[in-house]
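Trainee: Sequence first, predicted coordinates after that:
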Amino acid sequence: MMHNGIGRREFSVTRRTRIRTIILGLAMVWLGSWLAGFPVAMAEHETDHRFTVEGSACGVDGAPVSGVEVVVKDARISVLRTTLTDDRGYYKVTLHLHNENKGDPIVVYLKDKEGKVQQEQQITAQFDPKDVHTERKTTVNFGSGCAVLSDEPPSWVYYGAGLAVLSGGVWAGARLLRSRKRRAGSGRSGKR
């Protein structure tokens, strides 16, 4: 039996196609998984390792105050984080706290545009140490008349986007495989 090298060429093309398809499929699965788990990926730590303080800052007229600094500090262990209020006066700060930090005094400062402390509120880190699934958070508002507005879209948006990308990747990969099989099948039947 004589080999003219055609079989090897077809094999290498088929092998390359399979490798590319596998890589494309894995990339799509990874991207879909990443998007589906985006809220989890945004978290700095596990749920039982964080404590979120959020709220709004408003002026005396009830209008949101934007661009002012908010400082959140665990007074017992000197953990401190800062952020700026957005256009709606909303802020959100996440501290790295553990179960043993339950009951710690948390001081929240609102600074003015010059950096001077304008208002201060003290709260206590309250949560159930046995509950490792529920988000540990509290709300601290400055001023009156502001509604607390979350800066995050609902989690179903992220899950839906992840599933859509994953479905699109599977559909595109299946279509690519089908078209390559047709081309490979029509190319073989014409050669003899």
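Mentor: Yep, it's here.
Trainee: Please make it C-alpha for all contacts and neighbour counts, starting now.
Mentor: Fine.
Trainee: quick one, longest helix in the chain?
Mentor: When every helix of the chain is counted residue by residue (DSSP state H), the longest turns out to be helix 155-189.
Trainee: Which elements pack onto it?
Mentor: For helix 155-189, the elements it packs on are helix 6-36, helix 38-42, judged by 3 or more C-alpha pairs under 8 Å, 6 or more residues apart in numbering; DSSP states H and E.
Trainee: Mind telling me which of those the model trusts least?
Mentor: Ranked by mean pLDDT, the helices and strands packed on helix 155-189 bottom out at helix 38-42, with a mean of 47.
Trainee: Show residues contacting whichever helix or strand comes after it.
Mentor: Sequence-wise, the next helix or strand downstream of helix 38-42 (DSSP states H and E) is strand 50-56. Strand 50-56 has contacts (C-alpha atoms under 8 Å, 6 or more residues apart in numbering) with 44, 64, 72, 85, 88-98, 125, 135-142, 146-149.
Trainee: which among those end up buried?
Mentor: 64, 72, 85, 88-97, 125, 136-137, 140-142, 146-148 (16 or more other C-alpha atoms under 10 Å).
Trainee: mind listing which of these are in strands?
Mentor: In strands, defined here by DSSP state E, the members of the buried ones among the contacts of strand 50-56 are 72, 90, 91, 92, 93, 94, 95, 96, 137.
Trainee: Looking at pLDDT only, which of those residues scores worst?
Mentor: Across these, the member with the lowest pLDDT is residue 96, scoring 86.
Trainee: Neighbours of the residue nearest to residue 177 when sequence neighbours are not counted, how many?
Mentor: Once flanking residues are discounted, residue 177 sits nearest to residue 21: 7.6 Å by C-alpha to C-alpha, 6 or more residues apart in numbering. Applying other C-alpha atoms under 10 Å, we find 16 other residues in the vicinity of residue 21.
Trainee: Residue 21 and residue 28, how far apart?
Mentor: Applying C-alpha to C-alpha, to the nearest Å, the value for residue 21 to residue 28 is 10 Å.
Trainee: Give the lowest-confidence helix or strand of this protein, using mean pLDDT as the measure.
Mentor: In the chain, no helix or strand scores lower on mean pLDDT, DSSP states H and E than helix 38-42, which sits at a mean of 47.
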